[in-house]
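> Give me a model of this one.
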Amino acid sequence: MAKTQLGVIFGSRSCEREVAIISAVQLMNHVDTEKYDVIPVYISEQGVWYTGEALRNIRTYTPFNPDAKGVEAVALDVTAGSGALIATRPGKGLFGHPTQVVVARLEVCVIVMHGLNGEDGTLQGMLELANLPYTSTGVAGSAIGMDKIMMKQFFRGAGTLPCLPDCWFTRSMFEHDREAVLDKVESELGYPVFVKPANLGSSIGVSRANDREGLIDSLELAFEYDRRVLVEKGLDKPIELNCSVLGYDDDVEASPIEMPISGEEFLDFREKYLASGGSKGMASLHRVLPAPIEDSLRDEIQRLSCEIFRMLDCKGVVRIDYMFDRVSEKVWITEINTIPGSLSFYLWENAGVKYSRLIDRMVKAALRAHEDRNMRNYAYSSDILKGVSLGGAKGTKGAKGSKGAKL
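Numbers count the residues shown, from 1 in each chain. As a prediction, this is how the structure comes out:
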C-alpha cells in the first residue's frame, strides 16, 4: 500500500515562528512512518520555502542556515491538484542553464503555524487555491480565530457565549487622543484590565494594567506588535481552564480539561514555553490534568467548546481557553486557538489517544473536508458572455449585455 505524502508546513513570518518549529518537530517525530512519508516544509523568517530531511532536526534552526546540507529552497505549484514542490537547481558545466525539478508532491498538508501568515487563513486560502487537503480550520474560521477583536464580536454575536466586557482601539486613535482612550477604558471597564495585540498569540505583547500609568505602558507595548489592540476586563485571580476539540462536521469530540499553573498574574510567553527549557513547547507547561473541577463545570466547558468548534466550522485540533471566576462562579471564554501549541497532543494523550493516532484523525478530517469542498458545483454556466460586446478599442465603456443593458 502506497504511503501518503504528508507535508508538514511550519515556521513563517511570525513572532511565534520558533514555537511553531518546536510544535512541528514534535509532530514529525510522532508520525506513523508505516502510513506516511513526512515532507517537512519550513517557511523562513524572510518568507522563503524550504524542504529537506535536515528540517526534522531541531538543531537545524539554531541558527537556521539556508545553505546547510539537506536543505533546499522550493516553491509550491499552486495549480489545482498539483501539490508539487519545485526547486530551481543550477545547470551543469560552463554553459549549463538552471533547471526546475519536482523534489516532492504533497498529498495532505499538516499546518503547524502559530500567529500571522499561517494561522490566520492566509496559508489556508493558498492551499484551497491549490486544491490540497489541509488539517487546520478553514479560511474564515482561521481569520476570525486569529483576530481577537473580531473573535470577541463573533462570540458576542452568537448570543449564548459568555464573554468578558472589552473595548478596542487602533494605534491612530491612541496617538490622536490618548486621554480619550484612557477615559473610555476607565469608564467602561475599570481596573484591572488585560491589554492584547489583536493578531498575536503565545501571550506576546499581552500585559495586565492595574492603574492609568500601567494602562499607558500596556497600550504602548501592545501597539508595538499590532495597529489594533483589545482591552479586556480583568478578573481577580481566576482559574484558567483549557479544552481541546478534535474532529470535523458531525464528528466532534472534546478533550479532558487542563488547569495551567502560573506563578504570575497570567500565563506569559516565558511560562508557556520556557518552563522546561522550551524543548517541549506547550507540553512543558505546569498544569493539573484533568483539572480538579466539578463535573457540571467540566460538562459545560466541553459543551461550549464543541459549540464554538461547530460555529466556526473548525476542523482538526483546536484549543479553547477559559477563565473561571471564583467569586461569581461564572466561566468566561478567553479565546480559541485554531492551531494550538504542540497541537494539544498532551490533552489527547490524557484521553488515551496517542499522538500518532491524533495525527491520523487530523488527516482524516482534512480528507473529509477536501472531499466535501470538491463536491461543490463549480460548473454553473449561462449565456451571459455570448451577448456581451465590449465595443472594440473603446473598452468596457458603454458595453451592453444581451438585452442592451450596460454592464
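
> going forward, measure contacts between C-alpha atoms and count neighbours the same way
OK.

> Helix or strand: which one has residue 216?
In this assignment (DSSP states H and E), residue 216 forms part of helix 212-223.

> could you point out which element follows that helix?
Helices and strands here follow DSSP H and E; after helix 212-223, the next one along the chain is strand 228-233.

> Could you list the buried residues of that following strand?
228-233 (16 or more other C-alpha atoms under 10 Å).

> for stretch 165-173, same thing?
166-171.

> likewise stretch 306-318?
For stretch 306-318, the neighbour count (16+ other C-alpha under 10 Å) marks 306-310, 312-318 as buried.

> now do the same end-to-end measure for it.
Start-to-end span of stretch 306-318 (C-alpha to C-alpha, to the nearest Å) is 10 Å.

> So which of the buried residues of stretch 165-173 sit within helices?
In this view, the buried residues of stretch 165-173 that belong to helices under DSSP state H are residue 171.

> Contacts for the helix holding residue 216, please.
Applying C-alpha atoms under 8 Å, 6 or more residues apart in numbering, the contact partners of helix 212-223 are 171, 182, 195-197, 205-209, 229.

> ok, of the buried residues of stretch 165-173, which one's closest to residue 347?
Closest approach between the buried residues of stretch 165-173 and residue 347, by C-alpha to C-alpha: residue 166, at 29.6 Å.

> The stretch 301-407 of the chain: strands as residue ranges?
Assigned by DSSP state E, counting those that start in this stretch, the stretch 301-407 of the chain shows strands spanning 315-325, 330-337.

> So for residue 6, which of those strands sits nearest?
strand 315-325 (14.8 Å).

> Between strand 330-337 and the closest one, find me the angle.
Put simply, strand 315-325 runs at 150 degrees to strand 330-337, going by axes from the mean of the first three to the mean of the last three C-alpha atoms, to 10 degrees.

> Packing partners of strand 315-325?
strand 239-248, helix 295-311, strand 330-337, helix 355-374 (3 or more C-alpha pairs under 8 Å, 6 or more residues apart in numbering; DSSP states H and E).

> Recalculate using a threshold of 10 Å.
strand 239-248, strand 251-260, helix 295-311, strand 330-337, helix 345-350, helix 355-374 (3 or more C-alpha pairs under 10 Å, 6 or more residues apart in numbering; DSSP states H and E).

> most tightly surrounded among those?
Neighbour counts (mean count of other C-alpha atoms under 10 Å) averaged over each of the helices and strands packed on strand 315-325 peak at strand 239-248, with a mean of 24.

> tell me what that strand is packed against?
strand 251-260, strand 287-288, helix 295-311, strand 315-325, strand 330-337, helix 345-350, helix 355-374.

> Columns distance to residue 6 and mean pLDDT on top of those, output as TSV?
Converted to TSV, the helices and strands packed on strand 239-248 look like this (distance: least, C-alpha to C-alpha, whole Å; pLDDT from 0 to 100):
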stretch	distance to residue 6	mean pLDDT
strand 251-260	22	97
strand 287-288	32	91
helix 295-311	25	97
strand 315-325	15	97
strand 330-337	23	96
helix 345-350	18	97
helix 355-374	9	97
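
> and the strands of the stretch 301-407 of the chain as CSV, adding distance to residue 130?
Converted to CSV, the strands of the stretch 301-407 of the chain look like this (distance: least, C-alpha to C-alpha, whole Å):
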stretch, distance to residue 130
strand 315-325, 19
strand 330-337, 25
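
> for those strands, which one sits closest to residue 351?
The nearest among those, by C-alpha to C-alpha, is strand 315-325 at 14.0 Å.

> so the closest one versus strand 251-260, what angle?
Going by the same axes, to 10 degrees, strand 315-325 makes 40 degrees with strand 251-260.

> Provide the strand pairings for strand 315-325, with the direction of each partner.
Pairing partners of strand 315-325, with direction, according to DSSP bridges: strand 239-248 (antiparallel), strand 330-337 (antiparallel).

> Dump the longest one to PDB, keeping only the CA atoms.
In PDB, the C-alpha atoms belonging to strand 239-248 read as follows (Å, rounded to 0.1, in the frame of the first residue of the first chain):
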ATOM      1  CA  ILE A 239      -8.800  29.800  37.400                       C
ATOM      2  CA  GLU A 240      -7.500  29.200  33.800                       C
ATOM      3  CA  LEU A 241      -9.000  26.200  32.100                       C
ATOM      4  CA  ASN A 242      -8.300  24.900  28.600                       C
ATOM      5  CA  CYS A 243     -10.200  22.400  26.500                       C
ATOM      6  CA  SER A 244      -9.200  20.900  23.100                       C
ATOM      7  CA  VAL A 245     -11.700  19.800  20.400                       C
ATOM      8  CA  LEU A 246     -11.000  17.300  17.600                       C
ATOM      9  CA  GLY A 247     -12.900  16.400  14.500                       C
ATOM     10  CA  TYR A 248     -14.900  17.800  11.600                       C
END
